[in-house]
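>>> here you go, sequence then predicted model.
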2 protein chains.
Amino acid sequence: MTAQAREEARPATISRVAELAGVSRATVSRVMNGSSTVAPELSERVRAAAATLNYQPSVLARSLAVGRTSTIALVVPDLANPMFQDVLRSLSHAAATRGHRLLVADSEENVAEEGLIAVEARRRCDGLVLCAPRMPDEELAALAPQLAPFVLVNRDTAGLSVPSVNVDYAAGMRDLVSHLLGLGHRRFAYLAGPPTSSSNQLRLSTLRGFAAAGKLELAELDCGATFSDGHAVAGRLIDGVCTAVIAYNDLVAFGALSGLHELGVSVPHQISIAGFDDIPFARYTTPPLTTASVPPSEIGQEAWQRLWSLLGGEPAAPDIQFRPRLVVRGSTGPAA
Amino acid sequence: MTAQAREEARPATISRVAELAGVSRATVSRVMNGSSTVAPELSERVRAAAATLNYQPSVLARSLAVGRTSTIALVVPDLANPMFQDVLRSLSHAAATRGHRLLVADSEENVAEEGLIAVEARRRCDGLVLCAPRMPDEELAALAPQLAPFVLVNRDTAGLSVPSVNVDYAAGMRDLVSHLLGLGHRRFAYLAGPPTSSSNQLRLSTLRGFAAAGKLELAELDCGATFSDGHAVAGRLIDGVCTAVIAYNDLVAFGALSGLHELGVSVPHQISIAGFDDIPFARYTTPPLTTASVPPSEIGQEAWQRLWSLLGGEPAAPDIQFRPRLVVRGSTGPAA
DNA sequence: TTGTATGCGTTATCAC
DNA sequence: GTGATAACGCATACAA
């Protein structure tokens, strides 16, 4: 490669455009940003020069000068979860409407590194949407200054004055329980998610409330958050310990459903089973899954809306809590 | 807010650390990067100063100076497609192993803007993984210089010398057809994906080859790439035009399956149906879906591996083509 | 309206 | 080993 070729290979800079157009860099900058009033003649010269050099302003240098990257970060505990995928998609779309791009970081359920990942991701962007349901309150509070501006999704704010968009898991759980009680169920099993998950704690405490009130008997089974977790626990459901199963989420419910099917247990005739989230394919399982529907794409939109306010130096809209919608499908039926 | 408070609110810079530690910025930089040999005493002073000021180097400024962002972009046509979600996840994980972050851009099936989006996303990063199956060859060729270094996923390279990781759709389709022929099917319907999709063209031409050879009769039904596309077309399958249906992808197959179920058509007894991709829930539909399995997470890994080579100035590994694996499940059976 | 000069926060080159 | 100083590429007060 000749020296000249190498020179041409390197992206053109604003200086070279200015030189070619016979103007100052400032003028080029003004033209490129469409700002100020530049003489039509000069403007045209600049455009021509930019075109021949195939000039593209450096986003990096621009960001450094302006102090803004037009990029936000999303940190989630598990990209494999359809819930987060939908949040990702809707957040990406919403941010795009304001010319912002999305940087995605997956902590891979690694609670220990979650904080570092979040901080690191945040430092590359202007703001952050954080889904870290298992991060301890103290850690979150300690990290908050480094994460700001940011918005919390799917966890309580730990007393911080941080905008959040949440789901009213307690209400969703109450609806599911009421539905199952109405079908005559009294002996319940809960397939518990990650113990440190705040949403799991909310669901669990709601169930315990019912149990304490004598409305139902509750068996708590440690499980997890994935399909295989649910699948693995199916064997423990067939000893007649319960007639109704509520899973931590749809994924777990799916797994249990599949496992029970393999064990020859008929759902909902022998056991009713309900999930949580209403992920896209919940309606296409066999039988279709009764669940509490949370709207992930609205979550992304609301999160963006709040982060956008923060980026503009304005106060964010009030915290929002989505009330899950009970969706009754074929996986729940009258108690045996 | 007082002037002092505002000053403290602004992130500390390398200059302030240098000032506090009584050294030059260069020394601070050396300490922070663990490079060179710095006198232990100075090193300690710098660390202390950095700690008290809560100093975090600016990624932005660093990127500008080094000429590298340690970020790559992924452009996909549809984030809602589970296939791309898996590619996203695996690419993100693979890149993370080398300290790289992932910027994601969704063209939302908007072929017209896909080029602009790709270029814009690329300019924020060091490299790009491009899934743009519908982008015309000429446009891709024209954009290539601006996109480099980049890797193509899921489309032919249009004669460009660009690393690519692909799926051998023709082979997968041949396996599906052989399977169905073996079950006695002769009258086939193909639920066609987007006409401009290169993978759709590959699947279609393979099917036409069988038809031309007199091995089967082929009805081509314009459809699409989504669940609802498949659902909408179900009504056109019940006039006895075929005994076997091959869908553009699993999503479409799902939709058709669901639509046929609503129409009271029994699968696979009246009609056999097969998908393509083997997305996670393909095995949990009713009946479970026969499909050609492509490994999305390996796609992400292979794409990263090639991009990583390119970023290092080395030639990328040879193009790779994954051979889909035929997965026979309950949605296909003997011809009626 | 246009140009000059300076700042954005680093890293890297070169003297010392 | 350490410190000035010049890049990196752009935006923007300020002056003209």
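Sure, I can see it. Everything quoted here is computed from the prediction, not taken from an experiment.

>>> A:Gln270: which element?
Secondary structure here is read from DSSP states H and E; on that basis A:Gln270 sits in neither a helix nor a strand.

>>> so when I look at A:Gly159, I'm seeing a strand, right?
No - read with DSSP: H, G, I helix; E, B strand; the rest coil, A:Gly159 is coil and lies in no strand.

>>> check it and give its pLDDT.
According to the per-residue confidence, A:Gly159 scores 87 in pLDDT.

>>> what sits against it?
Applying Cβ atoms under 8 Å, 6 or more residues apart in numbering or on different chains to A:Gly159 gives the contacts A:Asp137, A:Ala141. Where you see a C-beta, it was placed from the backbone N, CA and C, and this is true even at glycine.

>>> same check on A:Leu60?
With contacts defined as Cβ under 8 Å, 6+ apart, the neighbours of A:Leu60 are B:Leu60, B:Ser63, B:Leu64, B:Thr69, B:Arg124.

>>> now A:Ser107
With contacts defined as Cβ under 8 Å, 6+ apart, the neighbours of A:Ser107 are A:Val75, A:Val76, A:Pro77, A:Asp78, A:Glu113, A:Glu114, A:Ile117, A:Ala118, A:Ala132.

>>> now do the SS call for the residue nearest to it when sequence neighbours are not counted.
Taking Cβ to Cβ, 6 or more residues apart in numbering or on different chains as the measure, A:Ser107 lies nearest to A:Glu114, with 4.3 Å between them; neighbours along the chain are not counted. Taken by three-state DSSP, the conformation at A:Glu114 corresponds to helix.

>>> what distance do you get for A:Glu114 to A:Val75?
Look at A:Glu114 and A:Val75: by Cβ to Cβ, to the nearest Å, they are 7 Å apart.

>>> and for those two, which residues touch both?
Taking Cβ under 8 Å, 6+ apart as the contact definition, A:Glu114 and A:Val75 share the neighbouring residues A:Ser107, A:Ala132.

>>> tell me the phi and psi of the residue of chain A found nearest DNA strand C?
Checking chain A residue by residue against DNA strand C with Cβ to the nearest atom of the strand singles out A:Ala39 as nearest, at 2.6 Å. The phi and psi torsions at A:Ala39 (degrees, to the nearest 10) take the values phi -50, psi 130.

>>> tell me the pLDDT at it?
In this prediction, A:Ala39 carries a pLDDT score of 91.

>>> swap in A:Thr2?
The predicted local confidence for A:Thr2 comes out at a pLDDT of 46.

>>> show me what secondary structure element comes after the helix or strand of chain A with the lowest mean pLDDT.
One helix or strand of chain A scores below all others by mean pLDDT, DSSP states H and E: helix A:3-9, with a mean of 50. As assigned by DSSP H and E, the chain's next helix or strand after helix A:3-9 is helix A:14-21.

>>> can I get that next one in PDB, CA atoms only?
Below are the C-alpha coordinates for helix A:14-21, written out as PDB (Å, rounded to 0.1, in the frame of the first residue of the first chain):
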ATOM      1  CA  ILE A  14     -12.900  18.100   9.200                       C
ATOM      2  CA  SER A  15      -9.500  19.800   8.700                       C
ATOM      3  CA  ARG A  16      -9.100  18.200   5.300                       C
ATOM      4  CA  VAL A  17     -12.500  19.300   4.200                       C
ATOM      5  CA  ALA A  18     -11.800  22.800   5.400                       C
ATOM      6  CA  GLU A  19      -8.600  22.800   3.500                       C
ATOM      7  CA  LEU A  20     -10.100  21.600   0.300                       C
ATOM      8  CA  ALA A  21     -13.000  24.000   0.500                       C
END
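
>>> what helices or strands is the helix or strand A:Ala303 falls within leaning on?
In this structure, A:Ala303 is located in helix A:296-311 according to DSSP H and E. With contacts taken as 3 or more Cβ pairs under 8 Å, 6 or more residues apart in numbering or on different chains; DSSP states H and E, helix A:296-311 sits against helix A:82-96, strand A:127-130, strand A:150-153, strand A:164-167, strand A:320-322.

>>> spell out, range by range, the helices that occur in chain A.
A:3-9, A:14-21, A:25-32, A:40-53, A:59-66, A:82-96, A:111-123, A:137-147, A:169-182, A:198-212, A:227-233, A:250-262, A:296-311 (DSSP state H).

>>> can you get me a residue count around the nearest residue to A:Gly172 once chain neighbours are set aside?
Nearest non-adjacent residue to A:Gly172, counting by Cβ to Cβ, 6+ apart: A:Pro324, 3.2 Å away. Under the neighbour criterion other Cβ atoms under 10 Å in any protein chain shown, A:Pro324 is assigned a count of 24.

>>> measure A:Pro324 to chain B for me?
Distance check for A:Pro324 against chain B: by Cβ to the nearest Cβ, to the nearest Å, it reads 21 Å.

>>> enumerate every residue touching that residue.
Applying Cβ under 8 Å, 6+ apart, we find A:Pro324 in contact with A:Val167, A:Asp168, A:Tyr169, A:Ala171, A:Gly172, A:Asp175, A:Phe276, A:Ala292, A:Ser293, A:Val294.

>>> residues near the nearest residue to A:Asp156 once chain neighbours are set aside, how many?
Of all residues not flanking A:Asp156 in the chain, A:Ser198 sits nearest, at 5.8 Å (Cβ to Cβ, 6+ apart). Close neighbours of A:Ser198, defined as other Cβ under 10 Å, add up to 19.

>>> for A:Leu326, same thing?
For A:Leu326, the count of nearby residues is 18 (other Cβ under 10 Å).

>>> go on, A:Leu311?
Applying other Cβ under 10 Å, I find that A:Leu311 has 17 neighbouring residues.

>>> test my guess that it contacts A:Ala148.
No - with contact defined as Cβ atoms under 8 Å, A:Leu311 does not count as touching A:Ala148 (10.9 Å).

>>> okay, now the closest residue to A:Asp137 other than its chain neighbours: neighbour count?
With Cβ to Cβ, 6+ apart as the measure, A:Ala158 is the residue that lies nearest to A:Asp137, at 3.8 Å, once sequence neighbours are left out. The burial count assigned to A:Ala158 is 17, neighbours taken as other Cβ under 10 Å.

>>> understood, closing this out.
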